[in-house]
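1. With the input below, show me the fold.
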Amino acid sequence: MISETVGEARLLPWTGTDDKPCSLISDGTGYLSRVADNIESVQLGMAAELLDHAADMLADSKVTTPQLRYLAARMAESLRDVHRVALSRGARIPVPVAPLPDGAGERGEPSPGA
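-> Predicted structure coming up:
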């Protein structure tokens, strides 16, 4: 029997033809969701490694202009991936349904008694 439970559309961590975004509509527990989670994890790990590599290169006075251009291109790719992950995860943060207590959240101040 097919489940009636269908979640929100999830932005996947890869693009389709012509660099168009790919989305998945599911309950978030299927095979493709797990693949997307794994790819996001790899992309975030690669970004962290690239940041370390960039710090090393920027500290080296012998780095050439072509090397820095290559680094900048890889960092742009990585930033694009990390941005897509952030958008995807941000869109999946549940919106609170309970109303805030009177005065809570106004001008960033806590509600009385908090």
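
2. got a list of what the residue nearest to the spatial centre of the chain touches?
-> Central residue of the chain (C-alpha atoms, centre = their mean): V85, 1.8 Å from the mean position. The contact partners of V85, taken as C-beta atoms under 8 Å, 6 or more residues apart in numbering, are P13, E40, Q43, L44. C-betas here are computed from N, CA, C, even on glycine.

3. Give me the distance between it and D18.
-> Distance from V85 to D18, counting by C-beta to C-beta, to the nearest Å: 21 Å.

4. now the helix or strand where the residue nearest to the centre of the chain lies: mean pLDDT?
-> Element membership for V85 (DSSP states H and E) is helix 65-91. Mean pLDDT, helix 65-91: 96.

5. Report the buried residues of that helix.
-> Within helix 65-91, the residues scored as buried using 16 or more other C-beta atoms under 10 Å are L71, S78, D81, V82, R84, V85, S88.

6. Now the fourth one: closest residue in space, sequence neighbours ignored.
-> In space, V82 comes closest to A47 once its chain neighbours are excluded; the distance is 5.2 Å by C-beta to C-beta, 6 or more residues apart in numbering.
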